[in-house]
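J.: Pasting the sequence and the predicted model now:
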Amino acid sequence: MRETIRLTTAQALVKFLNQQYIYVDGVETPFVEGVFNIFGHGNVLGLGHALEENPGHLNVMQGKNEQGMAHAAIAYAKQMKRQKIYAVTASAGPGSANMITAAATAHANNIPVLFLPADTFATRQPDPVLQQLEHESSISLTTNDAFKAVSRYWDRVTRPEQLMSALIRAFEVMTNPATAGPATICLPQDTEGEAFDFDASFFKKRVHYLDRTSPVERALNDALDRIKESKRPVMIVGGGARYSSAGEVIQQIATQHNIPLVETHAGKSTVPNSFVYNLGGTGILGTSAANKAIDSADLVIGIGTRYTDFTTSSKTAFDYDKTRFININVSRVQAYKFDALQVVGDAKASLEWFSQHLGNYKASYGQELQEWQKEWQEERQRLHNIVFNRETFKAEIADHFSQEIMNDYADVLQTEFTQTNALITLNDTVADDSVVVASAGSLPGDVQRLWETDTVNTYHLEYGYSCMGYEVAGALGAKLANPDQEIYAVLGDGSFLMLHTELVTALQYKQKINICLFDNAGYGCINNLQMSNGGGSFNCELRDVDNQIMAIDYAMVAKGYGAKVYRVTTREELVAALEDAKKQTVSTLIDIKVLPKTMTDGYGGWWNVGVSEVSDNPNVTQAWKQRQQKLEKAWKY
Ligand SMILES: Cc1ncc(C[n+]2csc(CCOP(=O)(O)OP(=O)(O)O)c2C)c(N)n1
Ligand SMILES: O=C1C[C@@H](O)[C@H](O)[C@@H](O)C1=O
Ligand SMILES: [Mg+2]
């Protein structure tokens, strides 16, 4: 007789989560750190009871908004380089629906999170239950079917014994670097509490091996030849490089073979900023140095990059007549892009092989790398020192707002602080090992270009989904991962208004985060987008029905929750606030009033956006024509 243990589905789930381990480079650690939850009738009596009874080592944390707590779980796993996760559980119906956006965010960023949405009764007794949808076409269709499109693995456990195969599949998917992402297991509320005689072997310690897969020799040798034929190779450092901890070998290759590197959002801070071959962020939000290097490259070595539009300037960044590609990626799907020579395998393992075989090869760059860097540093300096004036101010985003409108913003927000000055001041004032968290709005562009850090794994950008409202919750997740480092969420007023309530969770659990809120009274980057494409300023500024700019005291909002708060409008005030914030043990919010149109712009990138083909506005028609011309240059597939 095989040994069995009689448990409910939920109890078995919690017991299983406690037994999952991951093995990376000879070190074995528990894979599941904890469970974020918001309980409702769909999960409180099943999974809630199981967690109350015996959580094991799991850290059980109460969220404030299901999307927010799931964003915190994403940030935690991202900051832990996907080697440790949180599970998230929500009640049936709206609670679970609230997590769908977060599952999508995890999916677009390839981040493992275990989603446990409660579901309607498997027995259909009662039917319909509160919050159950009623589809004429099918009773089995529930809110949770919407997770299918945003999960790497999806299952519904309608009988306790299904849990075993569901969990084993889910953990395989989450711990496989080629498929890492959200796994969703829907739990009907009656099934959660149903008991079953589970085979004891199911609960034995299970180790998931994150082995470094080496590419096949053919691919490595072909790629080696391709590099040796190249005169101007450039490495693009993507998220895969970071998750594989390939930073040191990238630096080795760069130094020994005179090869520069540029960074994607996910890849930034894999290599120190001051490393001499690091030209910084690339693409639409890139530096002039990185974009010049990409422009002149005859070979792009993509290391763990998905080549999103922001990296490739909507597929116009490369000179396709002369540039060839090598893609090093654990995912074949990614390696196929741009007809590249596909090196399918772990980034670090692949690069170590190249490092051993490149011999005396040297790329033919001369002084231009230093010149591009110097030019960029001078530009950063200029951006730091931009000063507003009330007569002839030329904003970085030029010719959108008249001087009168700019003065109006200065009056209402009571500030003359520019965004670039504020951000660089922030960067220059915080400790080098601070973790910066951003996601949406104009700030991702500014940090991608301007944020400098030499401490690896401290630049935390969710720019796969660019989900507004990620930042505050993300800061909490990052803090859970890096408790000894200061965390700075940088976000706009729009993002803060969208979702910030995990600040309360941070206060509740005494996890100190610092929120740097850049208030420009509007959806600034979208306003830039509409006006740069021929349109007027339509519905993107934060104005009331009398067309008055809204001045909101965000510091007061956070003060109400119990945070230490500051309101700043000058460089000196910001430095003072940051220095004081460092001394606090409680979470802080700095309400930084900045002028609109003073974020960074340009430097060679181009974004393909859906301009109207037909319009009464000639500026829009003109923008459409310009887009068509740009598209001529784009890679076609
Ligand atoms: C959840 C979500 N909704 C909508 C968008 C589209 N969007 C991107 S940026 C933006 C405005 C951001 O405003 P704010 O946070 O104030 O930043 P700013 O651009 O002003 O710096 C919007 C609406 C998004 N990225 N995410
Ligand atoms: O539409 C968008 C424009 C980007 O500039 C911004 O960073 C991003 O959040 C977005 O969704
Ligand atoms: Mg804004």
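T.: On my side now, so go ahead. All values reported here derive from a predicted model rather than from experimental measurement. Ligands and ions are numbered 1, 2, ... in the order given.
J.: switch to C-alpha atoms for all contacts and neighbour counts from now on
T.: Will do.
J.: what does this structure put close to ligand 1?
T.: Residues of the chain lying close to ligand 1 by Cα under 6 Å from any ligand atom are 440-443, 466-468, 491-495, 520, 522-526.
J.: what about 5 Å?
T.: With Cα under 5 Å from any ligand atom as the criterion, the chain meets ligand 1 at residues 441-442, 467-468, 492-495, 523-525.
J.: which of the residues you listed are close to ligand 3?
T.: Among the residues of the chain next to ligand 1, the residues within reach of ligand 3 (Cα under 5 Å from the ion) are 492-493, 523-524.
J.: Save the residues you listed as CSV, and put in neighbour count too.
T.: Formatted as CSV, these follow (neighbours: other Cα atoms under 10 Å):
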residue, neighbour count
G492, 31
D493, 22
Y523, 20
G524, 24
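J.: State the pair within the residues of the chain next to ligand 1 that is farthest apart.
T.: Greatest spatial distance among the residues of the chain next to ligand 1 (Cα to Cα): C467 and G524, at 15.3 Å.
J.: Relative to ligand 2, which residue of this structure is the closest?
T.: As assessed by Cα to the nearest ligand atom, ligand 2 sits closest to A440 within the chain, at 3.3 Å.
J.: show me what contacts that residue?
T.: 462-463, 466-469, 491-492, 495 (Cα atoms under 8 Å, 6 or more residues apart in numbering).
J.: Could you tell me whether it really is in a strand?
T.: No - read with DSSP: H, G, I helix; E, B strand; the rest coil, A440 is coil and lies in no strand.
J.: Could I get the pLDDT score of Q628?
T.: Listed pLDDT for Q628 reads 97.
J.: scratch that, M1
T.: Listed pLDDT for M1 reads 80.
J.: The spatially most central residue of the chain and N389, how far apart?
T.: Centrality entry for the chain: nearest residue to the mean C-alpha point is E462, 1.3 Å, by Cα atoms, centre = their mean. For E462, the distance to N389 equals 35 Å [Cα to Cα, to the nearest Å].
J.: what's the answer for K479, then?
T.: Distance of K479 to N389, given as Cα to Cα: 39 Å.
J.: higher neighbour count, the two?
T.: Comparing K479 with N389 by other Cα atoms under 10 Å, the one with more neighbours is K479, at 24 against 13.
J.: Need the three-state assignment for that one.
T.: Assigned by three-state DSSP, the conformation of K479 is helix.
J.: Do I have it right that it meets K512?
T.: Yes - K479 lies in contact with K512 (Cα atoms under 8 Å); the separation is 7.2 Å.
J.: residues shared between the contacts of the two?
T.: Overlap of the contact sets of K479 and K512 (by Cα under 8 Å, 6+ apart) consists of 486-487.
J.: residues in the protein within reach of ligand 2, list them.
T.: The chain comes close to ligand 2 at residues 440-441, 466, as judged by Cα under 5 Å from any ligand atom.
J.: go again using 8 Å as the cut-off
T.: Proximity of the chain to ligand 2, by Cα under 8 Å from any ligand atom, involves residues 439-445, 463, 465-468, 525-526, 529.
J.: Quick one: mark the members of those residues that sit in helices.
T.: Taking DSSP state H, the ones among the residues of the chain next to ligand 2 that sit in helices are 443-445, 525-526, 529.
J.: Just the buried residues of stretch 318-334, please?
T.: Under the neighbour-count criterion of 16 or more other Cα atoms under 10 Å, stretch 318-334 has 318-319, 323-331, 334 buried.
J.: Show me the strands in the stretch 351-500 of the chain, by range?
T.: For the stretch 351-500 of the chain, the strands defined by DSSP state E, counting those that start in this stretch cover 435-438, 459-461, 487-492.
J.: what's the most distant pair in the buried residues of stretch 318-334?
T.: Across the buried residues of stretch 318-334, the longest distance by Cα to Cα is 25.8 Å; it joins D319 and V330.
J.: Helices along the stretch 1-150 of the chain, start to end?
T.: Here the stretch 1-150 of the chain has its helices, by DSSP state H, counting those that start in this stretch, at 9-17, 47-53, 66-79, 94-97, 100-108.
J.: Columns mean neighbour count, distance to F147 and mean pLDDT on top of those helices, output as a markdown table?
T.: Converted to a markdown table, the helices of the stretch 1-150 of the chain look like this (neighbours: other Cα atoms under 10 Å; distance: least, Cα to Cα, whole Å; pLDDT from 0 to 100):
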| stretch | mean neighbour count | distance to F147 | mean pLDDT |
| --- | --- | --- | --- |
| helix 9-17 | 24 | 20 | 98 |
| helix 47-53 | 19 | 19 | 98 |
| helix 66-79 | 31 | 13 | 98 |
| helix 94-97 | 20 | 8 | 98 |
| helix 100-108 | 25 | 6 | 98 |
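J.: With ligand 3 as the reference, name the closest of those helices.
T.: Smallest distance to ligand 3 across the helices of the stretch 1-150 of the chain (Cα to the ion): 19.7 Å, for helix 66-79.
J.: Could you grab the helix/strand/coil label for F518?
T.: State at F518, reduced to three classes by three-state DSSP: strand.
J.: hang on, the earlier thing: may I see the residues of the chain next to ligand 1 arranged in a markdown table, with pLDDT and distance to Q419 as well?
T.: Formatted as a markdown table, the residues of the chain next to ligand 1 follow (pLDDT from 0 to 100; distance: Cα to Cα, whole Å):
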| residue | pLDDT | distance to Q419 |
| --- | --- | --- |
| G441 | 98 | 12 |
| S442 | 98 | 10 |
| C467 | 98 | 21 |
| M468 | 98 | 18 |
| G492 | 98 | 11 |
| D493 | 98 | 13 |
| G494 | 98 | 15 |
| S495 | 98 | 16 |
| Y523 | 98 | 14 |
| G524 | 98 | 11 |
| C525 | 98 | 12 |
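J.: JSON lines for those residues, including distance to V504?
T.: Formatted as JSON lines, those follow (distance: Cα to Cα, whole Å):
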{"residue": "G441", "distance to V504": "23"}
{"residue": "S442", "distance to V504": "25"}
{"residue": "C467", "distance to V504": "20"}
{"residue": "M468", "distance to V504": "18"}
{"residue": "G492", "distance to V504": "19"}
{"residue": "D493", "distance to V504": "18"}
{"residue": "G494", "distance to V504": "19"}
{"residue": "S495", "distance to V504": "16"}
{"residue": "Y523", "distance to V504": "24"}
{"residue": "G524", "distance to V504": "27"}
{"residue": "C525", "distance to V504": "28"}
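J.: what's the burial count for V614?
T.: With other Cα under 10 Å as criterion, V614 counts 10.
J.: er, E404 actually
T.: Neighbour count of E404, defined by other Cα under 10 Å: 11.
J.: what's the spacing between it and G604?
T.: 30 Å.
J.: Next: A398.
T.: 16 Å.
J.: quick one, which of the two is more surrounded?
T.: Legend: neighbour count by other Cα under 10 Å for A398 and G604, higher for G604 (19 against 14).
J.: which residues touch that one?
T.: By Cα under 8 Å, 6+ apart, the residues touching G604 are 283-284, 286, 288, 291-292.
J.: Same check on V387?
T.: Contacts of V387 (Cα under 8 Å, 6+ apart): 416-418.
J.: if we can go back for a sec, which of the ones in helices among the residues of the chain next to ligand 2 ranks first by neighbour count?
T.: The residue in those with the most neighbours, by other Cα under 10 Å, is G445 (24 neighbours).
J.: Nearest residue to that residue in space, please, no chain neighbours.
T.: Nearest non-adjacent residue to G445, counting by Cα to Cα, 6 or more residues apart in numbering: L285, 4.8 Å away.
J.: need the contact list for that neighbour.
T.: Counting by Cα under 8 Å, 6+ apart, L285 makes contact with 310, 444-446, 448-449, 601-603, 605.
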